[in-house]
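*Asks:* Sequence below, structure please.
(one chain, ligands or ions: 2)
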Amino acid sequence: MEQPRRVEHQLTDKGYVPVYTTNVVDQPWNDYSAVEHTTWATLFERQMALLPGRACDEFFDGLARLQMNAQAIPRFADLNPILKAATGWELIAVEGLLPELAFFEHLANRRFPVTWWIRTPEQIDYISEPDLFHDLFGHVPLLLLPVFADYMQAYGEGGLKAARYGNEPLTELTRLYWYTVEFGLMNTPQGLRIYGSGIVSSKGESLYSLESAAPNRIGFDLKRVMRTRYRIDTYQKTYFVIDSFDQLFRATVDPDFGPIYYELKGASAFPAGDVQDQDRVFQRGSGEGWPADGDV
Ligand code: PHE
Ligand code: CO
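*Replies:* Residues are numbered from 1 along each chain as shown. Ligands and ions are numbered 1, 2, ... in the order given. Below you'll find the model as predicted:
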């Protein structure tokens, strides 16, 4: 078996460009170095110290059932039977970012792609693309929750459908994924909690998303989110808050997006940090430290 590649962004004369790969590989578990297991342990322990009282209960529940711990990088082969039994999902090891359609196709079939490699010690605090820690620690615990597992599969199917409608629908659907799966917050009786994987896997953003005065925190609204640009190189300027996973499911999975894509055709997009009149505002951000440009 060939050693899987570590596919990362590349620096060219046009700056950093993402590189995509569709290869599905075997997780080369025996080849992880002591340094790599230590990187996992450091990240795991740091987030576990930070997340109680900040991440949602469902996240901790999933983590406990998967028996992830700081001892070693988990083996996908150990997690898969647990995940399969809970919701029928399965992890597959990949070399890096997947092209959109390949990603949707996996999700639609309840396969979750996890990057096999982990960041280097120099990248502990910041890495600009998903690695094993983000994919596994950030995404997989919620895949044990039936409503979220169903949401993710429906999203994959919705992605394949959006791609047939064209580029604008794809962009709108990508924003939805970004502001829910990756950077979502939830309103609970105990206060705001994190469920977005991009937040739970980041020390800085776990604190910033909930406690900083800078970002907006706004109630989730489907069309609002679909029109909102985002940041890929800084903390988010705006976080959208759901009331429950059931609300998210009803607002996104049930409706046919066909008419919604039609309605939003040609509508202007909102800058990442703007607050709109109809918004249900949990916090109006101070905007401190925000770059003026660079929304995606
Ligand atoms: N209901 C959406 C559609 O008809 C698909 C979707 C499901 C989108 C789940 C997001 C999340 O296209
Ligand atoms: Co992610």
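
*Asks:* and stretch 189-208, how far out from the chain's middle?
*Replies:* Relative to the mean C-alpha coordinate of its chain, stretch 189-208 is positioned 11 Å out (Cα atoms, centre = their mean, to the nearest Å).

*Asks:* what residue lies at the spatial centre of this structure?
*Replies:* Glu182 (2.6 Å; Cα atoms, centre = their mean).

*Asks:* isn't it right next to Ser197, touching?
*Replies:* Yes. Glu182 lies in contact with Ser197 (Cβ atoms under 8 Å); the separation is 5.8 Å. Quick note: C-beta positions are derived from backbone N, CA and C, even for glycine.

*Asks:* what sits up against stretch 93-107?
*Replies:* 4-8, 18-27, 76, 92, 112-117, 129-130, 152-153, 155-157, 159-160, 163, 170, 174 (Cβ atoms under 8 Å, 6 or more residues apart in numbering).

*Asks:* so what strands line up beside the lowest-mean-pLDDT helix or strand in the chain?
*Replies:* Averaged element by element with mean pLDDT, DSSP states H and E, the chain has its least confident helix or strand at strand 15-17 (a mean of 81). The pairing partners recorded for strand 15-17 under DSSP bridges are strand 10-12 (antiparallel).

*Asks:* Distance from the chain centre to the strand it pairs with, please.
*Replies:* Strand 10-12 sits 24 Å away from the centroid of its parent chain (Cα atoms, centre = their mean).

*Asks:* Buried ones in it, by neighbour count?
*Replies:* Buried residues in strand 10-12, counting neighbours by 16 or more other Cβ atoms under 10 Å, are absent.

*Asks:* ok, now stretch 179-193?
*Replies:* In stretch 179-193, counting by 16+ other Cβ under 10 Å, buried: 179-187, 192-193.

*Asks:* if we can go back for a sec, how far does the least confident helix or strand of the chain sit from the chain's center?
*Replies:* Centroid separation for strand 15-17 versus its chain: 21 Å, with Cα atoms, centre = their mean.

*Asks:* List of residues touching that strand?
*Replies:* Contact with strand 15-17 is made by 9-10, 128, as judged by Cβ under 8 Å, 6+ apart.

*Asks:* just these: which has the poorest pLDDT?
*Replies:* Least confident of those in the model: Ser128, at 78.

*Asks:* thought it was touching His9?
*Replies:* Yes. With contact defined as Cβ under 8 Å, Ser128 reaches His9; the gap is 6.4 Å.

*Asks:* Which one's more surrounded, those two?
*Replies:* Legend: neighbour count by other Cβ atoms under 10 Å for Ser128 and His9, higher for His9 (15 against 11).

*Asks:* so who does the more buried one touch?
*Replies:* 16-19, 128-129.

*Asks:* Show me which of the residues you listed is closest to ligand 2.
*Replies:* Comparing the contacts of His9 against ligand 2 with Cβ to the ion picks out Glu129 as the nearest, at 9.5 Å.

*Asks:* where do the helices sit along this protein?
*Replies:* Applying DSSP state H to the chain gives helices spanning 34-50, 57-66, 76-87, 100-108, 132, 146-165, 167-177, 197-200, 203-211, 222-226, 245-252, 257-264.
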